[in-house]
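J.: Model the structure of this input:
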Amino acid sequence: MSKVRVAIIGVGNCASSLVQGIHYYRNAREGDIIPGIMHTRLGGYHINDIEFTFGIDIDKNKVGKDLAEAIYTKPNNTYKFCDVPKMNIPVVRGMTHDGLGYYLSQIIQKAPGPTADIIGLLRETKTDVVVNFLPVGSEEATKWYVEQILTARCALINCIPVFIASEKYWQKRFVEKGLPVMGDDIKSQVGATILHRVLVNLFNDRGVKLERTSQLNVGGNTDFLNMLERSRLASKKVSKTRAVTSQLQYDIGDENIYIGPSDYVAWLKDRKWAHMRLEGRTFGDVPLNIELKLEVWDSPNSAGVVIDAIRCAKLALDSKLSGAIVEPSSYFFKSPPVQFPDYVCREKTEKFIKKYSRGKKRK
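T.: The predicted model follows:
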C-alpha cells in the first residue's frame with residue numbers, strides 16, 4: 001500500500017512532464033506548497049510514492065528504450081525542467097489500431113515486432129493505475145486498451161477525449177469488475193478550458209448575458225499536428241465545448257459558440273496560444289466584450305493534475321470503489337460523468353480525499 005504503481009500508454013510530451021515532475025518533487029517536504037499540486041502528501045501518498053512499471057508506445061525511436069530516455073526522444077518537444085536518470089523501466093511495443101493518424105504517420109515510424117502482452121505485463125508488474133495519453137481521436141485503440149486494463153484488474157485514468165468514464169456502458173463494465181475509472185480529457189492547471197469556465201461563471205455571477213463566445217487554440221506539439229486531421233477532432237471539440245456550456249444557465253445556440261483546436265505552428269513546440277472572446281449584454285442591453293490570449297507550455301500544465309488524479313485513483317482502489325469516481329473526475333477532467341461549478345468540484349474532491357485517506361477508519 002505504500003506505493004502507487006503506474007503504467008503509461010503513450011510516451012509523448014504529457015508522459016515526459018509527468019515523469020519529470022515526479023522526479024523533480026521527489027524530495028518535497030510535507031509543508032511545501034507546490035504549484036499545480038493539491039497536497040504534497042495526498043490521502044497518505046507522497047508524490048514520491050508514485051513509481052512507474054512500464055511505458056507503452058509504437059514509435060520505433062522509443063520502443064525498447066528506458067522510460068527516462070524515451071521521454072526526451074523526438075518528436076517530444078516539451079519544456080525540459082528536470083534531468084531524469086535511468087530508471088530501468090522499459091517502453092514496450094503497443095497496439096496501433098487508430099492511434100496513428102495521417103499526419104503523425106509522416107513523422108513516426110512504427111516499431112517492428114508484435115504487440116506486447118499488455119495484460120501479462122500489467123499483472124506481472126503489479127500495476128495499480130494505468131494512465132491513457134494516446135493521441136486525440138484514438139477511439140478504437142483506447143477501447144482495446146480498456147479491455148486489457150479490465151482483464152488485468154487495474155484502475156484507469158483517461159486523459160484523452162474518448163468518452164469512457166462519462167459513458168454508462170463503460171461505467172457498468174468497471175462496476176462489474178470492481179474497479180475505478182476516472183476521466184475524461186484532462187483539465188490543465190490553468191489552461192484554456194478552466195479559464196474559459198471562470199469567465200463564463202463571472203458573467204453568470206455578475207448578471208451579464210453571454211451571447212457569443214469563441215476559443216481558438218494553436219500549438220506546435222504532435223497533438224496539434226494530429227488534430228489537423230479534422231475527423232480526429234470531433235471528440236475534442238465536444239469535450240471542450242461541453243466543459244464550457246455546462247456552466248451556462250441558458251442555451252446560446254450552437255451557432256454562437258466555437259471552442260476547439262484551430263491550427264498547428266511547428267515552431268511553438270509544446271507551447272499553446274489560446275485566443276478567447278466573450279460577447280455579452282449588461283444593464284440596459286449595453287454591449288460588454290472580453291478578449292484575451294493565454295500562452296502556456298501545454299504538457300507541464302497538466303502534469304500536476306495527473307499526479308493528483310493518480311493518487312485519488314489509488315485511494316479509490318484501496319477503498320474498493322468501482323465505476324466512475326465522480327468527485328475527482330469533476331475537478332480533474334473536462335468531460336466528467338457529472339459537471340459542477342469548479343469551486344464545488346474542488347470541495348467535493350477535498351472531501352473525497354479526507355474520507356478515503358489511507359489508514360482512516362471507516363464503517
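J.: residue ranges with poor pLDDT in the chain?
T.: Applying pLDDT under 70 to the chain flags residues 1, 360-363.
J.: The longest helix anywhere in it: which residues count as buried?
T.: Ranked by residue count under DSSP state H, the longest helix found in the chain is helix 300-318. For helix 300-318, burial by neighbour count (16 or more other CB atoms under 10 Å) applies to 300-318. Just so you know, the C-beta spots here come from the backbone N, C-alpha and C atoms, and that holds for glycine as well.
J.: where do the strands sit along this structure?
T.: 4-9, 41-42, 45-46, 50-57, 91-93, 129-132, 155-158, 180-182, 209-219, 257-264, 271-281, 287-297, 323-324 (DSSP state E).
J.: out of those, nearest to Ile118?
T.: strand 50-57 (7.0 Å; CB to CB).
J.: Contacts only, for the closest residue to Trp297 other than its chain neighbours.
T.: Leaving aside its sequence neighbours, Trp297 sits nearest to Tyr79 (CB to CB, 6 or more residues apart in numbering; 4.7 Å). Each residue near Tyr79 by CB atoms under 8 Å, 6 or more residues apart in numbering is listed here: Ser17, Asp270, Trp297, Ser299, Pro300.
J.: Dihedrals phi and psi, Tyr79?
T.: Reported as degrees, to the nearest 10, the phi and psi values for Tyr79 are phi -70, psi 130.
J.: how close does it get to Ala309?
T.: For Tyr79, the distance to Ala309 (CB to CB, to the nearest Å) stands at 21 Å.
J.: and what of Arg173?
T.: The value you get for Arg173 to Ala309, if CB to CB is used, is 20 Å.
J.: and what of Arg5?
T.: Counting by CB to CB - Arg5 and Ala309 are separated by 15 Å.
J.: go on, Asp298?
T.: 17 Å.
J.: Extract the C-alpha trace of stretch 93-108 and format it as PDB.
T.: This file holds the C-alpha atoms of stretch 93-108, laid out as PDB (Å, rounded to 0.1, in the frame of the first residue of the first chain):
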ATOM      1  CA  ARG A  93       5.500  -2.100 -28.200                       C
ATOM      2  CA  GLY A  94       1.800  -1.200 -28.000                       C
ATOM      3  CA  MET A  95      -1.200  -1.800 -30.200                       C
ATOM      4  CA  THR A  96      -1.700   0.700 -33.000                       C
ATOM      5  CA  HIS A  97      -5.300   0.500 -34.200                       C
ATOM      6  CA  ASP A  98      -6.400   4.100 -34.900                       C
ATOM      7  CA  GLY A  99      -3.700   5.500 -32.700                       C
ATOM      8  CA  LEU A 100      -1.500   6.700 -35.600                       C
ATOM      9  CA  GLY A 101      -3.300   9.200 -37.800                       C
ATOM     10  CA  TYR A 102      -2.300  10.500 -41.300                       C
ATOM     11  CA  TYR A 103      -0.100  13.400 -40.100                       C
ATOM     12  CA  LEU A 104       1.600  11.600 -37.300                       C
ATOM     13  CA  SER A 105       2.500   8.800 -39.700                       C
ATOM     14  CA  GLN A 106       4.600  11.300 -41.600                       C
ATOM     15  CA  ILE A 107       7.000  11.700 -38.700                       C
ATOM     16  CA  ILE A 108       6.600   8.500 -36.700                       C
END
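J.: outside of that stretch, which residues touch it?
T.: By CB under 8 Å, 6+ apart, stretch 93-108 touches 9-10, 56-59, 63, 75, 110-111, 113-116, 118, 134-135, 137-141, 144-145, 222, 225-226, 228-229, 232.
J.: can you check stretch 270-289 too?
T.: Contacts for stretch 270-289 (CB under 8 Å, 6+ apart): 13, 77-79, 191-192, 195-196, 199-200, 203, 207-221, 224, 290-299.
J.: rerun that using 6 Å as the cut-off
T.: 13, 77-78, 192, 196, 199, 203, 208-219, 221, 290-299 (CB atoms under 6 Å, 6 or more residues apart in numbering).
J.: and if you look at stretch 200-212?
T.: By CB under 6 Å, 6+ apart, stretch 200-212 touches Val244, Gln247, Asn256, Glu279, Gly280, Arg281, Thr282, Leu288.
J.: That stretch: which residues count as buried?
T.: Val200, Phe203, Asn204, Val208, Leu210.
J.: from these, which two are the most distant?
T.: Greatest spacing in the buried residues of stretch 200-212, by CB to CB: Val200 and Val208 (9.8 Å).
J.: what are the ranges of the helices in the stretch 101-250 of the chain?
T.: In the stretch 101-250 of the chain, the segments counted as helices under DSSP state H, counting those that start in this stretch are 118-124, 139-152, 168-177, 192-205, 222-226, 234-245.
J.: Show me how far the fifth one is from its chain's centre.
T.: Right, the one you point to is helix 222-226. Centroid separation for helix 222-226 versus its chain: 15 Å, with CA atoms, centre = their mean, to the nearest Å.
J.: Buried residues, that helix. List them.
T.: Thr222, Asp223, Phe224, Leu225, Asn226.
J.: Then stretch 238-250?
T.: Under the neighbour-count criterion of 16+ other CB under 10 Å, stretch 238-250 has Val238, Ser239, Lys240, Thr241, Arg242, Ala243, Val244, Thr245, Ser246, Gln247 buried.
J.: What separation is there between the third one and Phe54?
T.: I take that to be Lys240. 31 Å.
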